[in-house]
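In: predicted coordinates and the sequence they were generated for:
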Amino acid sequence: MTGSLILLELAILHRDRRAWWSLLALAVLVLLAFVAIASEAARVDHDKRQVAAAERARWVGQGEKDPHSAAHYSIFAFKPSPALGALDPAAGPFVGQTVYLEAHHQNDMLYRPQQNASLLQRIGFASPAALIAGFGPLIVFLLAFTLVAQDRERGTMRLALGAALRPRAIVIAKALAVWFAASGLLVAPVAILSLGWLAMGGRLDGDILLRTLCWCAVMVAYLALLSAIGAAASLRMRNARLALTALFGLWILFSLALPRIASGFVDSTWPLPSSQSVRQQMTEEAPAFWSDEDNVRHRAMLLERYGVSRIEDVPNPRMAELDLVERHSHEVFDHVLGGFYAKVAAQDRMFAVLGFLSPTIAAQAASASVAGSDFSHHRHFIDDAEQYRRDLVNRMNADGMAHRAHGTERHTNDERLWSQVPEFDYQAPPLGRLSWTALPAFAALLAWLGLAAIVLVLASRRMRP
Amino acid sequence: MSAPRFAELFVWEWRRVGRSQLLWSILAILAASFVWGAVGTSRLHAAQDAALQRAREADVAFERSAVERARAYRAPVTASAGQVAYWQDPTNVAGYSQYFVRKTALKPHLPLSPLAAGVSDLAPSRLEIKLNTPFGFSDTYDFENPRGLALGRFDLAFAVSFLLPIGLLLLFALLVTFERDRGMLPLVAAQAVGPRAWIGARVAAILAWTAPVAVVAMVAALALAGVPLGTVAASVAIAVLITILYMLFWSGVALLVLARQPGAGAALGSFAAIWAALTIGLPLAGSALAGAVDPAPSAIEYVDAQRRTGDEIEADRDALLHKALMARPDLRDYIDRASTLDYATRLSFLIPETERRLAPLRSAIDAHRARQERVAALAGYVVPALGVESAFAALAGTDPTRQRGFERQAVEYQHQLRTMVYPLVHGEITQPPALAERATRGRLNLREPLALPSFELVDHSAAARNAAVLRFAAWLALLTLLCAGFGLWRIRAWQLTR
């Protein structure tokens, strides 16, 4: 019975040119956005793999030299695009793609794809997730308005409800029809296309399949709660004009205003220190170029560390000093940069909490998290690359310290040492490991879903056909 | 029965519209969004200005430290204070050039910056200038939470270009269609008034309330954001003019739809479709098209090219230095020293060679960026929302053009520093080699760190910025006239049947 009702409502929707074509137009935009982002990501990932291989060859083939010079030569590490980045790139276009891993420095990630974007490119950048989150409400509300409010306005709902044994079933069927239509055209095709794309690229595995399913669940839940809100508002408002005004207002509030307002509120209430002050603090506490006065302090520390009274008794004082400074810099970077990144994560968590104000915020934060493209996942790469850098530099310094050299003497090494350093091979974390910042968003999405269901049930009980 | 004059109709409508709660609710929300946008941007820029000030102070402290060390290293070598390594020695001209010339190029905000965030959240306003960084400065940025960057900033330009038309269209859709939805249109049509005058008067009445309130809210928002209105009056006036023209443009678009005298549902549906097409669809299509026709050079390949070039230059190092010295009549006689030059002196020859080899790729990247910005500027004439954002950014000084000017001047500044320091570094090649053992801690071939000039950004004048924006304003006025004229022309008869 309900199935037949849903099919009937879907047929009515299909006949309404304005609603149906709007839905189709958004569905086409979602697919086009996916193809544009996925093909660009494939091109860039191909470049990254090639240049990463060249970097490895350069590292191994750099010839005979002082190991510390090798640590300065080092490599560039490249961050692969998240597997679901074409569904929701989230932070991706605004974070660097590569980092130079050299001694003494924890460098910034460089070459943000949108760094030099023109205003047209910035305004015109849209992803499937952004389109569904931003314009899904407009379309879903339009569909709900078409099925419910216009039916009321024309008086056809009064007739249908009068003839029905269970009037609530009609209302539920209308909401379900809107949900099925929106999910079927906005979420399912792009998710299937994404899985096919990933399978063709050989990237499909259990974790990615699970992430795709979770992404679909987030988006489908979002569209479900919007369908319920749309149907309930269309039922409860005095007339179609008011219903449309309310739904239009909700779209503006939920999707256009609140996400940006919430983001600005979080960023200004819990502000980040400026990059300038972070860099300055790191330079002051762990300078890459230290003074002769620092040398004197370092020598005293080395004498203590080695338990000797003369610097000549330290096998390789230059390398020992470099190692001392390097290890100190790790503590400083962990303290300064680690604290900074923790503040970024705290901002994101607060933004996710504000998902209780707008389901769009909840959907955006949850989608970015399951797609693996939020800042938490980016930081995972930063930390992984930094750990690789530290291991590499420590290994080079250790080799130097193990060989006696004084004054202008230099110990050198070659490919035998360089090839002992493993290749940099980044593995993205599995789903769930970095979800803590987005947990409030998942909770908010569930709360909105529950609230929307309750509102729809209440509205259908107190119908005003 | 004589037909009422348009003025009488307008006054009547103006009074009636002014009593609408919806009107004042929407105007209040818009005014609040203007204030939120301007104050939020002002806070961002205040934080950035504070960072610039700290950078200035850090530069001064760094230079003071170099001077103090230079003086300290004039002291004779003792058992506890030995010779200073060349990279720690500001009295050594080569060491100084590589490790002690560190200046910062700063792009301060203009007084009207709260008008638009523009590229200020994405592009750096502070560039570290060292002599031997290829092409002026490294790729750098001030970290902003990428989530906020991806969502977009809620600034005054966003509120005006995106939210203001929505508010206006909502008012038109609900206040102009009232009679149609209540079945009263035949009664209106029975009066001695034509549809053009009736709809025109209603639209004009809505505009007569919204335009002044929007202007006052905008100016008040800027004042609350700390803009010294008196000093930027002309630019503010142009921003206000563009806002009014933009409202008139959307009113013209609304007339095109309202000419069919639809109900609220149909009007809102059409408005939403047009708004989405003009503010989202066209930019999306334009951006995708521009990217497909003219794809960006790969940044990853640029990294690869940098590394390859670095390796090639290192492999040919001595030959290149030999060639460089041979090319200089004043250094030709010291060719035998090519392979023993210190690292910093070598860089003064090798970095320009690196730049020469990477120049084609670098030029391709810069040219692509310039082309994309030209496309965006042209797109602003097709997509008014983009045009308004661009115009506001230009008035605020947060536009890409000012940013590129800043970056270009930073590169020129580095060249200026090189012309001051490199000759001293090269001059040292002609001097007898330093003794392995010396009497003083420093090398003392540079008595004091140089008094290098600070970077001073030369901006276009406010008049030039205003003039550039006025071209867009003139175009917007023309578009408005076309839309409104066509819309009014379409209102020819009452549409009483549906």
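Out: Everything's here; your move. Source: prediction; values computed, not measured.
In: the stretch 51-200 of chain A against chain B: which residues are in contact?
Out: Residues of the stretch 51-200 of chain A found near chain B (CB under 8 Å from any CB of the partner chain) are A:51, A:54-55, A:58, A:76, A:78, A:89-95, A:97-98, A:108, A:110-126, A:130, A:135, A:138, A:142, A:145, A:149-150. Bear in mind the C-beta positions are built from the backbone N, C-alpha and C, glycine included.
In: buried only: go through those for me.
Out: Neighbour-count burial (16 or more other CB atoms under 10 Å in any protein chain shown) applied to those gives A:51, A:54-55, A:58, A:76, A:78, A:89-95, A:97-98, A:108, A:110-126, A:130, A:135, A:138, A:142, A:145, A:149-150.
In: thinking again about what came up before, cross the residues of the stretch 51-200 of chain A next to chain B against helices and list the overlap.
Out: If you go by DSSP state H, those have A:51, A:54-55, A:58, A:119-123, A:130, A:135, A:138, A:142, A:150 in helices.
In: nearest to B:Ala58 among these?
Out: Set against B:Ala58, the nearest of these by CB to CB is A:Arg122 (30.9 Å).
In: what about stretch A:228-243, near chain B?
Out: Yes. Counting by CB under 8 Å from any CB, chain B is contacted by stretch A:228-243 at A:239-241.
In: quick check: the residue of the stretch 351-498 of chain B nearest chain A.
Out: Nearest residue of the stretch 351-498 of chain B to chain A: B:Ala376, at 3.6 Å (CB to the nearest CB).
In: confirm that that residue sits in a helix.
Out: Yes. B:Ala376 sits within a helix when classified using DSSP: H, G, I helix; E, B strand; the rest coil.
In: what does the stretch 1-150 of chain B put close to chain A?
Out: So the stretch 1-150 of chain B meets chain A at B:22, B:33, B:36, B:40, B:43-44, B:47-48, B:50-52, B:54-55, B:58, B:69, B:73, B:80-81, B:84-85, B:87-88, B:99, B:118-119, B:122-123, B:126, B:139-150 (CB under 8 Å from any CB).
In: out of those residues, which end up buried?
Out: Using 16+ other CB under 10 Å as the burial test, these include B:33, B:36, B:40, B:43-44, B:47-48, B:51-52, B:55, B:58, B:69, B:73, B:84, B:87-88, B:99, B:118-119, B:122-123, B:126, B:139, B:141-150 as buried.
In: so which of those are in strands?
Out: Secondary structure from DSSP state E places B:Arg126 of these in strands.
In: okay, and which of the buried ones among the residues of the stretch 1-150 of chain B next to chain A map to helices?
Out: Those of those lying in helices (DSSP H): B:33, B:36, B:40, B:43-44, B:47-48, B:51-52, B:55, B:58, B:69, B:99, B:146-150.
In: farthest-apart pair in the ones in helices among the residues of the stretch 51-200 of chain A next to chain B, please.
Out: Across these, the longest distance by CB to CB is 66.5 Å; it joins A:Arg58 and A:Gln150.
In: kindly provide the distance from the residue nearest to the spatial centre of chain B to B:Asp459.
Out: Closest to where the C-alpha atoms of chain B average out (CA atoms, centre = their mean) is B:Asp399, at 2.8 Å. Per CB to CB, to the nearest Å, B:Asp399 is found 11 Å from B:Asp459.
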